[in-house]
Each structure stands twice: as structure tokens, then as C-alpha cells.
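J.: need a 3D model of the sequence below.
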Amino acid sequence: MAQLIVTAVKVEGRSKSEVARTYGVSRRWVITLVKRYDAEGDAGLEPRSRRPRNSPNRTPIGIENEIIEIRKTLDREGHEAGAATIAFHLTQRHGHAPAVSAIWRILAARGFVTPQPHKRPRSSYIRFAAEQPNERWQTDITHWTLSTGTDVEIMNIIDDHSRVCIASIARPVFKATHVDTVFRQATQRFGDPQKLLTDNGAVFTGRYRSGGRVALELTLATRGILPVHSRPYHPQTCGKVERFHQTLKKWLARQPRATTTAGLQHQLDTFADYYNHQRPHRALDRRTPITAYTGRPKATPTLEPFDDPHYRVRQDVVDPYGKLTLRHNSRLHHIGIGRRHANRAVVILVKDLHIRIIDSDGQALRDFQLDPTRDYQPQPKT
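T.: Residues are numbered from 1 along each chain as shown. I've put the predicted structure just below:
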């Protein structure tokens, strides 16, 4: 169109106002095109960039380079390196940072963002988290391979509310007594939790094997801590500690492969310190776990401790008729709980003839003395 406008004025001799009306442009634009043609010829009619000569709100190039430097460093060390994390580190350095959206655009322009298929909005996710620190801990054991090809185990404990890494310990193999020792050492630093969530591994519970108690269960009972176990073959219940395994292993994969268990433990200690005190956590509104942990009062155990070692701990499910069964001195007894509790998972604490039945939230359903002369233990009349 620029060529037509100039031709109409210069060759056909039409007035600028008439040409402007004919082509639906402003008279000023016609004048501008004619001046460019007179000064530069046909080259003056080529399309020109409309980018402003300066952008006062543009992120300074020094900050852009710093963003890329932080991204490369975090990624090289195996840490989370998203735009929000980079903004956190910039704020730590300078007291302020560009908007997360601006950082994302810089990363995209520099080729550090890989387009992904559309994901579900985060608002559609249902999250479950404890309201207080120490309200619930999660623990699990994962595996890692040393540079020698030797497989070792890592036991991780995290706080459900704050995601603080309570403990991250490596051993060749974890036995029940080792698990109990790690837990006891962790409580010396962080205090006793109200609940402990684990899977159904033999080192965590004897429920599915001997029917007795493992060392950890004894410690929990004597301290009034409620043991909670995930549903078999349902690791999502322990999702927070499972996710921590992934974060830890991603970081370990970027480090020199440890040759000994002691070397691996040094790496675990280094990561735990960074994770707790420096790494902003997305689920905590980009606070560090230790900040979230120290920001609220701590929960404490709510069950009455059993100070006598001669007791049993069982996990069971109330049958559809509202009853449980318990064997005492080789005799089977039926215990009435109530149909309203049908199919509810419970924990049965037995100390001689003293029976206490609680649900997974620690609510007492029954607390009574067993009558060994009766097969059926009815509910008390109210």
C-alpha cells in the first residue's frame, strides 16, 4: 500500500488529502511516506520495526543474565529451578525481584522452557496437609546405588505440615531396630509427633506377619504416639515422603556418585540442610520448610502412654455389624463397637485386660476392661 500511496502523490499528482481519503489512512501518514521516499527512495517504503527506542519497564540485561546464571546453577546441582524459585533467590540477594511471569518470559526467550501439553489446573488438585508441625510425620525407605554397584537403603522422615526433612539416614540394610533408633534420634531434635504415618513394611509393623509388635510400634505406644499405616499397595497415602524421595534422588544424580555409605551420608546431610533452610517450597507459598515449621505451635502426642511392656498393638477394621474380634488366653472374644463405625479402620491397644480402641484420628471408640468369662463384650448402656 505504501507504494500505491506514493505513486498517487508523486506520479498522478493527486493531493495528499485526497489520497488519504481514498486509501483510508491519515493525511499525516501520507506525508510521512512521501518524505521517506524523497529521502531514501524505494527503501524508505519498506516496513519498519515498531519497537520503541527504549523500554523503561524492561528487565535490565544484568538481571536477565543473573536469572540465567541462577537457572543454570540450580539445574546443574539438581535443585528445582522454576521461575518462582529464581524469584526467591533474587529476593534473597537484592531484596526484590522481577515478577514471576517476567522471569518465565526471559527463560522462554533464552530457550530454557520446554513447551508442555496442557495440564490440569492446580485448583483441581485436592491436597491434604496437617495443620500443625509435628501433627503427623511420614517415613519411608528407598534405595540408592553406590559407585561400586552396592545397593544401600535411605530412610527419610518428613513433617507433613512443613515438609521439613526430619531425618535422612543411609544404611546398607534397615532392620526394625535400626528404624526405631533413627526415629528416637529424630525425636531428640524435633520432639515427639502426634502421629506417624508409614506403609506396611515389616520394619514398621508386625501386623501382617507375626501379629506381634516391632520395635518402632513399642516406642510409639510407650510415648502415646498414634501409628497410622497406608492402605496396602496405595503409596499415594504417603505421597509427601514419596515425593521427597524423588527430589532427593534428582539431586543425588547430579553429584559425584558416593563410594561408601559414609560418603552418601555426607551428601544426605548437605542436601537436608539446603532443603530445610534455603530451598523455597511450592506447597508452602515459597517459604522454606524450616520457616513453616517454626511458624506455628507444635502438636504433641494425645494418647495415654503405655508404660508396661506387656501389651499388644493391633490394627483392624470393624466388621459390617459393628464388631471386632480379639483373642485372649487362646479364647476368642467379640467386642461391640456399633454399626455406625462399620468398616472403620481402628487401632486396638491391649494391656492385660485393659482394652482401648481408637480410630485413625486418635478418637477413642471404646475403653474398657475385658471380661474373660464372656465371649461377647457388649457396649455399655447409656
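
J.: rest of the way, CA atoms for contacts and neighbours
T.: Will do.

J.: tell me what the host helix or strand of Leu4 is packed against?
T.: Using DSSP states H and E, Leu4 falls within helix 2-10. Contacts defined by 3 or more Cα pairs under 8 Å, 6 or more residues apart in numbering; DSSP states H and E place helix 2-10 against helix 16-23, helix 27-40.

J.: so where's the stretch 101-250 of the chain shaky on pLDDT?
T.: Scanning the stretch 101-250 of the chain for pLDDT under 70 picks out the ranges 115-127, 208-212, 232-236.

J.: can you show me the helices along it?
T.: Assigned helices in the stretch 101-250 of the chain, in chain order: 176-190, 215-223, 239-253 (criterion: DSSP state H, counting those that start in this stretch).

J.: so for Glu18, which of those helices sits nearest?
T.: In terms of Cα to Cα, the element of the helices of the stretch 101-250 of the chain nearest to Glu18 is helix 239-253, at 69.6 Å.

J.: what's around Lys35, how many residues?
T.: 15 (other Cα atoms under 10 Å).

J.: mind checking pLDDT for it?
T.: Lys35 carries a pLDDT value of 89.

J.: how close does it sit to Tyr23?
T.: Distance of Lys35 to Tyr23, given as Cα to Cα, to the nearest Å: 18 Å.

J.: ditto for Val34
T.: 15 Å.

J.: what do you get for Pro193?
T.: For Pro193, the distance to Tyr23 - Cα to Cα - is 78 Å.

J.: settle it for me: which of those two has more neighbours?
T.: Pro193 (23 against 13).

J.: could you find the closest non-adjacent residue to that one?
T.: Asn134 (4.5 Å; Cα to Cα, 6 or more residues apart in numbering).

J.: how close does the one you found sit to Ile355?
T.: Relative to Ile355, and taking Cα to Cα, Asn134 is found at 27 Å.

J.: comparing those two, which residue is more hemmed in?
T.: Asn134 (28 against 17).

J.: residues in contact with the more buried one?
T.: Contacts for Asn134 (Cα atoms under 8 Å, 6 or more residues apart in numbering) come out as Asp159, Asp160, His161, Gly191, Asp192, Pro193, Gln194, Lys195, Lys298, Ala299, Thr300.

J.: what do you get if the cut-off is 10 Å, keeping everything else the same?
T.: By Cα atoms under 10 Å, 6 or more residues apart in numbering, the contact set of Asn134 is 158-162, 164, 166, 187, 190-196, 293, 297-301.

J.: Pro301 contacts Trp137, doesn't it?
T.: No. At 11.8 Å, Pro301 does not count as touching Trp137 under the criterion of Cα atoms under 10 Å.

J.: common neighbours of those two, please.
T.: Shared contacts of Pro301 and Trp137, counting by Cα under 10 Å, 6+ apart, come down to Asp192, Pro193, Gln194, Lys195.

J.: need the residues you listed in a markdown table (columns: distance to Ala108).
T.: Output for the shared contacts of Pro301 and Trp137, formatted as a markdown table (distance: Cα to Cα, whole Å):
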| residue | distance to Ala108 |
| --- | --- |
| Asp192 | 46 |
| Pro193 | 43 |
| Gln194 | 45 |
| Lys195 | 44 |
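
J.: circling back to that earlier point, make a ChimeraX selection of the buried ones in the contacts of Asn134.
T.: A single ChimeraX command selects the buried members of the contacts of Asn134 (16 or more other Cα atoms under 10 Å):
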select :158,159,160,161,162,164,166,192,193,194,195,196,293,298,299,300,301
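
J.: in strands, which of the contacts of Asn134 appear?
T.: Here DSSP state E is the test, and the contacts of Asn134 give Ile158, Asp159, Ile166, Lys195, Leu196 as lying in strands.

J.: how is the chain divided into domains?
T.: 2-45, 61-117, 137-268, 311-377 (automatic domain parsing).

J.: just the ones you listed: most buried one?
T.: Greatest average neighbour count among the domains of the chain goes to domain 137-268 (a mean of 18), per mean count of other Cα atoms under 10 Å.

J.: need the distance between the two termini of it.
T.: 19 Å.

J.: show me how far it is from its chain's centre.
T.: Chain-centre distance of domain 137-268: 16 Å, with Cα atoms, centre = their mean, to the nearest Å.

J.: again with stretch 349-362
T.: Worked out by Cα atoms, centre = their mean, stretch 349-362 lies 33 Å from the chain centre.

J.: just stretch 365-375 next, same as before
T.: Taking Cα atoms, centre = their mean, the mean C-alpha location of stretch 365-375 is offset from the chain mean by 43 Å.

J.: tell me the average confidence for it?
T.: 88.

J.: for stretch 83-95, same thing?
T.: 87.

J.: contacts for it, please.
T.: By Cα under 10 Å, 6+ apart, stretch 83-95 touches 63, 66-71, 74, 79-81, 96-107, 113, 278-282, 285-287.

J.: can you show me the strands along the stretch 51-200 of the chain?
T.: For the stretch 51-200 of the chain, the strands defined by DSSP state E, counting those that start in this stretch occupy 137-145, 151-159, 165-171, 195-198.

J.: now the ones you listed as a markdown table including distance to Gly44?
T.: Below are the strands of the stretch 51-200 of the chain laid out as a markdown table (distance: least, Cα to Cα, whole Å):
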| stretch | distance to Gly44 |
| --- | --- |
| strand 137-145 | 67 |
| strand 151-159 | 67 |
| strand 165-171 | 66 |
| strand 195-198 | 74 |
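
J.: partner residues bridging Ala364?
T.: Judged by DSSP bridges, the bridge partners of Ala364 are Ile358.

J.: gap between it and Thr300?
T.: Distance of Ala364 to Thr300, computed by Cα to Cα: 17 Å.

J.: same deal with Gly338?
T.: 29 Å.

J.: same deal with Arg279?
T.: Relative to Thr300, and taking Cα to Cα, Arg279 is found at 27 Å.

J.: ok, Tyr274 next?
T.: Tyr274 is 27 Å from Thr300, by Cα to Cα.
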